[in-house]
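Peer 1: Need coordinates for the following:
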Amino acid sequence: MGEPLNRDTERARSLRRIKLAATLLLVATAALFILARHLEPLHWAWGYVAAFAAAATVGGLADWYAIVALFRRPLGLPIPHTAIVPRNHHRIAENLGEFIETNFLAPEPVEARLRDVDFAALVAEWLSDRERSAALAGFMVRLVPQALAAVEQSGLKGFLGKRAMAELERIELAPLAAGLLSAVTEKGRHQRLLDELLMALERVLSNEETLAALREKIRQELPALFNLYRADAYLLRKIVASTTAFIKDARDDADHPLRQEFDSFVANFIERLRTSKDFARRAEILKRDLLARREIATMAEGAWESVRSFLEQDARADDSQVRRQLEVMLVDVGSQLARDPAIRAEINRGMVRVLADFVQSQKSGVGRFIADQVKSWDIDVLIGRIELTVGRDLQYIRFNGAMIGGLAGLALHALEQGLKLHL
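Peer 2: Numbering: from 1, shown residues only. Below you'll find the model as predicted:
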């Protein structure tokens, strides 16, 4: 604060000195004119001095008048077209706002300037600093309790829940399931499911308890005579061996008939999901029944409470898991941005579009704000600031005016004397 005041004080002193010098020059040229006129009869050279001094005095007076007329009325007289800045205060403000809006905030210069800024690189550099990312993560975690409380108090949770239910009710389940299954089967990934099922069946057949249960079931179905010869054990071994061999063949052979049959079953099922009205109707009934069950609402409520409780406790913990993961994620994002010029270029293009559109949508408001601000300024204070800024240059105009006027007067006087000699 002290430095600007000292600078303004020095400018004011300098302006006073240059004003005094310009005024003394004007007085000096006027005095020189009087002296030269008085001595002109003694020698012809004084006529040239008088012509120079007279023209210099007129030039200095004219420039003094022009400079004073910009800001105030000369000698307080109500002369027309004086005090130009105060009389046109509001018009200057409007024109200034319009000029900035039209020229400085035009789309081309704004976009050109924005394209010079590498926003993504700045973000990448900032996030790559672990201390900054840690501070940002800590700030975000500290906001979690307030955000959760705001969600609870504002009714946003209920609104989002209703919107989610409305969106779920609008979803057609059968086409959605068909699309998901088509994505799974696109590269034969459904065969992995078959592999898992075969492995599970193989594990079941190797389980002693399962085998004992199967043997007991066979024993119950066989006549008593066969049980005397342990036919149940023989049949079980045959069944298990045949089944295990079949499973091994199916797992090892990519073209096994079981796999082809499974492909056909899945494709047929997907097609029925897409086209069958009966399937679609059954899926919609199932969906509505599920959404109508109280258990679904209770489960959703419980999930929200669990998530909220965890986040609140974690936010208060010194070793917050969320904060730690956020910090790692932010640093990783910064590192990835720094390594990937394509993503940075895409981010920068997006930032230019967004910011340029924002500036264009708000530039009329900016122009109006500038105009209103200039209008609200005290005109005397405004004039004082202008004079402190350009006052010295304006006073030098008075020096230049006196010099140029004097030289012009001298030239005219010489021309006049030359014409007299030739006439």
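
Peer 1: Identify each buried residue in the helix or strand hosting Glu346, please.
Peer 2: Secondary structure assignment for Glu346, by DSSP states H and E: helix 341-376. Neighbour counts over helix 341-376 (16 or more other CB atoms under 10 Å) mark 344, 347-348, 351-352, 355-356, 359, 363, 367, 370-371, 374-375 as buried. C-beta: built from backbone N, CA, C; applies to glycine.

Peer 1: which helices and strands sit right next to that helix?
Peer 2: helix 89-99, helix 107-115, helix 119-128, helix 321-339 (3 or more CB pairs under 8 Å, 6 or more residues apart in numbering; DSSP states H and E).

Peer 1: between these, which gets nearest to Leu24?
Peer 2: Comparison of the helices and strands packed on helix 341-376 against Leu24 by CB to CB identifies helix 89-99 as nearest, at 32.7 Å.

Peer 1: So what's the gap between the closest one and the chain middle?
Peer 2: Centre-to-centre, helix 89-99 and its host chain are 30 Å apart (CA atoms, centre = their mean, to the nearest Å).

Peer 1: ditto for stretch 89-105
Peer 2: 27 Å.

Peer 1: Name the helix or strand of the chain that has the lowest mean pLDDT.
Peer 2: Within the chain, no helix or strand scores below helix 224-228, which has a mean of 49 by mean pLDDT, DSSP states H and E.

Peer 1: Quick check: chain neighbours aside, which residue is closest to Val359?
Peer 2: Leaving out its chain neighbours, the residue that sits closest to Val359 by CB to CB, 6 or more residues apart in numbering is Val110, at 5.1 Å.

Peer 1: tell me the mean pLDDT for the helix holding Glu346?
Peer 2: Mean per-residue pLDDT for helix 341-376: 86.

Peer 1: Model confidence for Thr57, exactly?
Peer 2: Note on Thr57: pLDDT of 92.

Peer 1: what's the neighbour count on it?
Peer 2: 24 (other CB atoms under 10 Å).

Peer 1: Pull out the buried residues from stretch 130-148.
Peer 2: With the criterion 16+ other CB under 10 Å, stretch 130-148 contains buried residues Arg132, Ser133, Ala134, Leu136, Ala137, Met140, Val141, Val144, Leu148.

Peer 1: From His256, how far out is Ile270?
Peer 2: 21 Å (CB to CB, to the nearest Å).

Peer 1: more neighbours, the two?
Peer 2: Legend: neighbour count by other CB under 10 Å for Ile270 and His256, higher for Ile270 (19 against 15).

Peer 1: what helix or strand does the more buried one sit in?
Peer 2: Secondary structure from DSSP H and E places Ile270 in helix 257-275.

Peer 1: Count residues in the vicinity of Ala22, would you?
Peer 2: For Ala22, the neighbour count with other CB under 10 Å is 22.

Peer 1: Ala83 is in contact with Gly76, isn't it?
Peer 2: No. With contact defined as CB atoms under 8 Å, Ala83 and Gly76 do not form a contacting pair (10.1 Å).

Peer 1: neighbour-wise, which of these two wins?
Peer 2: Ala83 (18 against 7).

Peer 1: quick one, what contacts that one?
Peer 2: Each residue near Ala83 by CB atoms under 8 Å, 6 or more residues apart in numbering is listed here: Ala69, Phe71, Arg72, Arg73.

Peer 1: Enumerate every residue touching the third one.
Peer 2: What that stands for is Arg72. Contacts of Arg72 (CB under 8 Å, 6+ apart): Thr82, Ala83, Pro86, Ile383.

Peer 1: Now do it against His89, distance only.
Peer 2: For Arg72, the distance to His89 equals 13 Å [CB to CB].

Peer 1: One more: Ala183?
Peer 2: The gap separating Ala183 from His89 is 69 Å, by CB to CB.

Peer 1: next one: Leu105
Peer 2: For Leu105, the distance to His89 (CB to CB) stands at 23 Å.

Peer 1: returning to that earlier point: with mean neighbour count added, can I get the helices and strands packed on helix 341-376 in a markdown table?
Peer 2: Formatted as a markdown table, the helices and strands packed on helix 341-376 follow (neighbours: other CB atoms under 10 Å):
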| stretch | mean neighbour count |
| --- | --- |
| helix 89-99 | 15 |
| helix 107-115 | 14 |
| helix 119-128 | 17 |
| helix 321-339 | 16 |
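
Peer 1: Excluding residues flanking it in the chain, which one is nearest Ala280?
Peer 2: Ala174 is the one closest to Ala280 (CB to CB, 6+ apart), at 4.2 Å.

Peer 1: Figure out the helix or strand that the one you found lives in.
Peer 2: Using DSSP H and E, Ala174 falls in helix 173-185.

Peer 1: Below-threshold pLDDT in the stretch 51-200 of the chain: ranges please.
Peer 2: Residue ranges of the stretch 51-200 of the chain with pLDDT under 70: 156-157, 160, 168, 187.

Peer 1: Counting by contacts, list what the top helix by length along the chain packs against.
Peer 2: For the chain, the longest helix by residue count, based on DSSP state H, is helix 379-422. With contacts taken as 3+ CB pairs under 8 Å, 6+ apart, helix 379-422 sits against helix 2-39, helix 45-71, helix 84-87.

Peer 1: tell me how far that helix is from the chain's mean position?
Peer 2: Distance of helix 379-422 from its chain centroid, counting by CA atoms, centre = their mean, is 53 Å.

Peer 1: What of stretch 123-137?
Peer 2: Using CA atoms, centre = their mean, the offset of stretch 123-137 from its chain centre is 17 Å.

Peer 1: Run through who's touching it.
Peer 2: 323-324, 326-327, 330-331, 333-335, 337-338, 344, 347.

Peer 1: Quick one: end-to-end distance for stretch 288-298.
Peer 2: End-to-end distance for stretch 288-298: 16 Å, by CA to CA, to the nearest Å.

Peer 1: For it, what does the pLDDT average out to?
Peer 2: Average pLDDT, stretch 288-298: 72.

Peer 1: wait, doesn't Phe33 sit right on Ala53?
Peer 2: Yes. Shown here, Phe33 and Ala53 form a contact pair, counting by CB under 8 Å, at 3.7 Å.

Peer 1: Compare those two (neighbour count), which wins?
Peer 2: Neighbours were counted for Phe33 and for Ala53 using other CB under 10 Å; Ala53 has more, 26 against 21.

Peer 1: if I look at that one, how far off is Ile397?
Peer 2: According to CB to CB, Ala53 and Ile397 sit 19 Å apart.

Peer 1: Go through the buried residues of stretch 130-148 and flag which are in helices.
Peer 2: In helices, defined here by DSSP H, the members of the buried residues of stretch 130-148 are Arg132, Ser133, Ala134, Leu136, Ala137, Met140, Val141, Val144, Leu148.
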